[in-house]
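> below are the sequence and a predicted model for it; my questions follow.
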Amino acid sequence: MKYLSLRLLAGAAALGLALTGCAGGTPATTAPQQPTQAPETSQPAAEATTLTVFAAASLTKTFTELGQTFEAEHAGVKVSFNFAGSSDLVAQIQQGAPADVFASADEKNMAKATDEQLVAGEPVIFATNVLSIAVPPDNPAKVAGLADLARDDVQLVICAPEVPCGAATVKVAEAAGLTLKPVSEEAKVTDVLAKVESGDADAGLVYATDVAGAEGKVLGIDFPESAGAVNKYPIGALAGSGNADLAAEFVALVTGATGQQVLADAGFGKP
Amino acid sequence: MTRTESTLPRWVFVMAAVGAGFVLLPLAAMTTRVDWLRFGELITSESSVAAFWLSLKTSGASTLACLILGVPMALVLARTRFPGQGVVRALVLLPLVLPPVVGGIALLYTFGRRGLLGATLEVMGLQIAFSTVAVVIAQTFVALPFLVVSLEGSLRTLGQRYEVVAATLGARPTTILGRVTLPLVLPGLLSGTVLSFARSLGEFGATLTFAGSLQGVTRTLPLEIYLQREVDADAAVALSLVLVAIALAVIGLATRRAQVIR
């Protein structure tokens, strides 16, 4: 009997495991993170100044590169990033997190910040992102355009309509009058990409930047209908910043020639 | 079984209580976040109900698969000796310690369309990727060791004396297995079955990696919770509570049955 109870206790433990398994789905990007360094405004000029930039997770690669450029151009300035989901970032800013610049992956979350007068001046659209068809490099199903995705012999994987990339997919498909019959609707665009990379899906609808980031592991097929669902990225210096000048300069770097080149290389569209 | 509570030092009780709190507190914390006004509506939505039934069906099927494959495995491991047995046991139990996502990747490279067996299966007109079968395979893969460990332990504790007696009395191997061995390890078999069902129910990582996520086909409760978390945190919490309730019911039921058997 004792032995059995032990087994059942182990059962309870296994359940705990199972449950944490669910919680384990927490995307790293939604974990509230504080920047590693807070801006120190009252520091004497001789010491390092930290510019804190809150940016959408999809900007991690490009903004890290631009941050290094900015540091090279401004001696004694350190750029500290907080990359997370835009809605998490705006919530942190609303709660008074020390940030100088906010770059959002959509206008909706930027509007939450502007509505509370948290942004200095008007936010500027600095990049766009559209959907692209990702296929395995050998394109086994010979997909050439959006219409091919509705074919019965194409194993299509898309984002679930509940998440932003899935909402964009629905919009594009409806505009084109297509009925998509996906074999899987993923919660994350990276899961769509992974299934195309492994060759299990013949095609997936992801963002153009995801195709660029996959570096040859998938082939991207742009389609004209993607213009029907353009995702706009706004950036703005924050009103609460103690480094207003530096913040404005960072925004200028992103919207200027250097920033636009880095973003274009990563697959982002022009504003 | 002769040890009584009084011989235990007091600090053991203190640590045991802390341990119990460690497990129960997060569950209690989750219940405080449940939006009770919308609870009924959230757990009866079309997608929730589809995920609920899919989870029960696939977990039932994978538990059956675990029994069919796991009972012979436990018998061989407990009743025979062969070179390299320790290594075989360790490898068989690997999914127990493997992160489920690793299991999912391994399954993908086996049964996926471009996997080791996937290409052959596709020629035969069978496609496992993105099907409910893929969910059952993923669940069986992670749950099988639970049944094997549980049953093998029971078999070893039981020993072989009754089987030897039955054999000397002329019973054939299959008769001994069905009439002597398995009835005697029934509690162990039952708890192993419950464990593998519970593990299947909670399977997430391997399913997400290997099977995909489509309502009514591959989107089990944990995957539905994962998706809802992106959209409606209240729905995710409500469904989590449903999963806890099912698991508690299964374990409670098994405990009662086990006591009756004993």
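Perfect, I can see it now. Because the structure is predicted, anything quoted here is derived from the model rather than measured.
> what's the helix or strand for the closest residue to A:L180 other than its chain neighbours?
Of all residues not flanking A:L180 in the chain, A:A173 sits nearest, at 5.1 Å (CB to CB, 6 or more residues apart in numbering or on different chains). Quick note: C-beta positions are derived from backbone N, CA and C, even for glycine. Using DSSP states H and E, A:A173 falls within helix A:164-175.
> which outside residues touch that helix?
A:106, A:131, A:146, A:158-161, A:179-180, A:185, A:189, A:192, A:205-207, A:225-226, A:228-229, A:231 (CB atoms under 8 Å, 6 or more residues apart in numbering or on different chains).
> who in the stretch 101-250 of chain A is up against chain B?
The interface of the stretch 101-250 of chain A toward chain B, taken as CB under 8 Å from any CB of the partner chain, is made up of A:155, A:157, A:160, A:162-163, A:182-188, A:191, A:194-195, A:198-200.
> return the subset of these lying in strands.
Using DSSP state E, the subset of these located in strands is A:V157, A:S184, A:E185, A:E186.
> against A:D222, how distant is the residue nearest to the third one when sequence neighbours are not counted?
Nearest residue to A:E185 in three dimensions, chain neighbours excluded: A:A160, at 4.1 Å (CB to CB, 6+ apart). When CB to CB, to the nearest Å is applied, the distance between A:A160 and A:D222 equals 23 Å.
> I'd assumed A:S87 was in a helix, is it?
Yes - read with DSSP: H, G, I helix; E, B strand; the rest coil, A:S87 is one of the residues of a helix.
> can you tell me the residue of the stretch 101-250 of chain B closest to chain A?
Per CB to the nearest CB, the residue of the stretch 101-250 of chain B with the smallest distance to chain A is B:G202, at 2.1 Å.
> I figured that residue was touching B:P222, is that so?
Yes - with contacts counted by CB atoms under 8 Å, B:G202 reaches B:P222, the gap being 6.2 Å.
> mean confidence for stretch A:220-227?
For stretch A:220-227, the mean pLDDT works out to 92.
> residue contacts, B:R89?
B:L77.
> that's a helix at it, yeah?
Yes - counting by three-state DSSP, B:R89 is found in a helix.
> and the gap between it and chain A?
Per CB to the nearest CB, to the nearest Å, B:R89 is found 17 Å from chain A.
> what sits against the residue of the stretch 101-250 of chain A found nearest chain B?
For the stretch 101-250 of chain A, the residue closest to chain B is A:S184, as judged by CB to the nearest CB, at 3.1 Å. Applying CB under 8 Å, 6+ apart to A:S184 gives the contacts A:V157, A:I158, A:K195, A:A201, B:F130, B:G212, B:S213, B:L214, B:T218.
> out of the residues you listed, who's the most crowded?
In terms of neighbours by other CB atoms under 10 Å in any protein chain shown, these top out with A:A201 at 30 neighbours.
> wait, doesn't that residue sit right on A:V183?
Yes - in this structure A:A201 lies within contact range of A:V183 using CB under 8 Å: 7.1 Å.
> what is in contact with the two at once?
Both A:A201 and A:V183 are contacted by A:Q155, A:L156, A:V157, under the criterion CB under 8 Å, 6+ apart.
> mind listing what the first one touches?
Spelled out, that is A:Q155. A:A141, A:V183, A:D200, A:A201, A:D202, A:A203, B:R113, B:A129, B:F130.
> for the second one, give me the pLDDT.
Note for A:V183: predicted pLDDT of 94.
> now it: how far from B:T32?
Distance from A:V183 to B:T32, by CB to CB: 39 Å.
> compare those two (neighbour count), which wins?
Each of A:V183 and B:T32 has its neighbours counted (other CB under 10 Å); A:V183 has more, 22 against 7.
> for the nearest residue to the more buried one once chain neighbours are set aside, what are phi and psi?
Leaving out its chain neighbours, the residue that sits closest to A:V183 by CB to CB, 6+ apart is B:F130, at 3.9 Å. Torsion angles at B:F130 (phi, psi; degrees, to the nearest 10) stand at phi 70, psi 20.
> B:F130 reaches B:S213, doesn't it?
No - the pair B:F130 / B:S213 is not scored as a contact, 9.2 Å apart, by CB under 8 Å.
> go through chain B and flag its longest helix.
The residue-count maximum for a helix in chain B (DSSP state H) belongs to helix B:46-79.
> contacts only, for the most centrally placed residue in chain B.
With distances taken as CA atoms, centre = their mean, B:S196 lies nearest the centre of chain B, 2.2 Å away. For B:S196, the contacting residues are B:S62, B:T63, B:C66, B:G70, B:A143, B:L144, B:F146, B:L147, by CB under 8 Å, 6+ apart.
> at which residues are the helices of the stretch 151-271 of chain A located?
With helices called from DSSP state H, counting those that start in this stretch, the stretch 151-271 of chain A shows them at A:164-175, A:189-197, A:208-213, A:244-255, A:257-265.
> and the last one with helix A:244-255, angle?
By that I understand helix A:257-265. 40 degrees (axes from the mean of the first three to the mean of the last three CA atoms, to 10 degrees).
> residues contacting helix A:257-265, please?
Among residues not part of helix A:257-265, those counted as contacts by CB under 8 Å, 6+ apart are A:T62, A:E65, A:L66, A:T69, A:F126, A:A127, A:A212, A:L253, A:V254, A:K270.
> counting contacts, what elements does the helix or strand where the third one lies pack onto?
When secondary structure is defined by DSSP H and E, A:L66 falls within helix A:60-73. For helix A:60-73, the elements it packs on are strand A:49-56, strand A:77-84, helix A:244-255, helix A:257-265, judged by 3 or more CB pairs under 8 Å, 6 or more residues apart in numbering or on different chains; DSSP states H and E.
> what's the neighbour count on residue 128?
You didn't say which chain, so I picked chain A. For A:T128, the count of nearby residues is 16 (other CB under 10 Å).
> actually chain B
23.
> and it, what pLDDT?
89.
> quick one, what contacts the residue lying closest to it once chain neighbours are set aside?
When the adjacent residues along the chain are set aside, B:I128 lies closest to B:F111, with 4.5 Å between them (CB to CB, 6+ apart). Contact analysis of B:F111 by CB under 8 Å, 6+ apart lists B:L117, B:G118, B:L121, B:I128, B:A129, B:A134, B:I137, B:F210.
> which of those are buried?
The neighbour count (16 or more other CB atoms under 10 Å in any protein chain shown) marks B:G118, B:L121, B:I128, B:A129, B:A134, B:I137, B:F210 as buried among those.
> make CSV from those and add secondary structure to it.
Shown next, in CSV, are these (three-state DSSP):
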residue, secondary structure
B:G118, helix
B:L121, helix
B:I128, coil
B:A129, coil
B:A134, helix
B:I137, helix
B:F210, helix
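> for those, which one is nearest B:L155?
Nearest to B:L155 among the buried ones among the contacts of B:F111: B:I137, at 26.4 Å, using CB to CB.
> ok, that closest one to A:L146 distance?
To A:L146, B:I137 is 33 Å away according to CB to CB.
> next, the residue positioned nearest the centre of chain A: phi, psi?
In chain A, the residue lying closest to the centroid (CA atoms, centre = their mean) is A:S58, at 2.7 Å. Taking degrees, to the nearest 10, you get phi -70, psi -10 for the backbone angles of A:S58.
> what angle sits between the strand or helix carrying A:M110 and helix A:164-175?
Assigned by DSSP H and E, A:M110 belongs to helix A:107-115. Counting by the same axes, to 10 degrees, helix A:107-115 lies at 120 degrees to helix A:164-175.
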